[in-house]
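Undergrad: Fold the following.
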Amino acid sequence: MHAKNYRHVKNRAYTRKEYARGFPPPKIVKFTMGDTKTQFEVEGKLLATERAQIRHCSLEAARVATNRILMDKLINDYYMIVHPYPHIILRENKMIFGAHADRLQQGMRRSFGSAVGTAAKVEVNQPIITVRVKAGKEEIAKESLKRGSAKLPIACKIVISKIQLPPSQTEKAEPETETA
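TA: Numbers count the residues shown, from 1 in each chain. Prediction:
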């Protein structure tokens, strides 16, 4: 089967793991990378432009491609999050074609199918990957998200924005004066 057969959202999400025996675990294992404690000024998001299902191997390829650019150019001065979790089980009724295959296949009899992988469902304008960097590094974040979007089966758009610090953070940044 081709990956394009699983891209379109046709039915409800199938997540009944008790019925699907032996499905492979998601290939993506790390969802957050980089420095989690530093405050960053710029945020770049990779947003989905259409409703689709993204297979776990595509999410992992996008994560690796995005992370490679960030690690090469920023070392550890970034924070990256992969948002969707692949929880939908993909099944396939395997058919064997060719010479003497008629003895091996059953057609649509007991055609529940075996699990072949997992996928994540994304909606329009849902963030897939978020990258946070310091001011002046917007182009690196944009380039890394562009490389990651090439690994996904759908078209994506990149949005770069400044992070608004909460009021408690801005008050701490200003020096306090005591009055007696």
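Undergrad: And the strand ranked longest in the chain, what does it pack against?
TA: Longest strand in the chain, counting residues (DSSP state E): strand 114-122. Helices and strands touching strand 114-122, as assessed by 3 or more C-beta pairs under 8 Å, 6 or more residues apart in numbering; DSSP states H and E, comprise strand 52-55, helix 56-74, strand 88-92. The way it works is simple: take the backbone N, C-alpha and C, and place the C-beta from them, glycine included.
Undergrad: ranking the ones you listed by burial, who's on top?
TA: strand 52-55 (a mean of 22; mean count of other C-beta atoms under 10 Å).
Undergrad: Quick one: mean pLDDT for that one?
TA: For strand 52-55, mean pLDDT is 92.
Undergrad: Just the CA atoms of that strand, as CSV, please.
TA: C-alpha atoms of strand 52-55 as CSV (Å, rounded to 0.1, in the frame of the first residue of the first chain):
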residue,chain,number,x,y,z
ALA,A,52,-5.3,15.2,6.8
GLN,A,53,-3.7,12.2,8.6
ILE,A,54,0.0,12.2,9.0
ARG,A,55,1.7,8.9,9.5
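Undergrad: by contact count, what packs against it?
TA: Checked by 3+ C-beta pairs under 8 Å, 6+ apart, strand 52-55 has helix 4-7, strand 114-122 packed alongside it.
Undergrad: If I average pLDDT within each of these, which one is lowest?
TA: Across the helices and strands packed on strand 52-55, the lowest-scoring stretch is helix 4-7, with a mean of 64.
Undergrad: any idea which helix or strand comes after that helix?
TA: strand 32-34 (DSSP states H and E).
Undergrad: Quick one: neighbours of residue 147, just the number.
TA: 17 (other C-beta atoms under 10 Å).
Undergrad: mind checking which helix or strand it is in?
TA: helix 138-149.
Undergrad: Dump that helix to PDB, keeping only the CA atoms.
TA: C-alpha atoms of helix 138-149 as PDB (Å, rounded to 0.1, in the frame of the first residue of the first chain):
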ATOM      1  CA  GLU A 138      14.200  34.000  12.800                       C
ATOM      2  CA  GLU A 139      15.700  33.000   9.500                       C
ATOM      3  CA  ILE A 140      17.200  29.800  11.000                       C
ATOM      4  CA  ALA A 141      13.800  28.900  12.500                       C
ATOM      5  CA  LYS A 142      12.100  29.500   9.200                       C
ATOM      6  CA  GLU A 143      14.600  27.500   7.200                       C
ATOM      7  CA  SER A 144      14.400  24.500   9.700                       C
ATOM      8  CA  LEU A 145      10.600  24.500   9.500                       C
ATOM      9  CA  LYS A 146      10.700  24.600   5.700                       C
ATOM     10  CA  ARG A 147      12.900  21.500   5.700                       C
ATOM     11  CA  GLY A 148      10.600  19.800   8.100                       C
ATOM     12  CA  SER A 149       7.500  20.600   6.000                       C
END
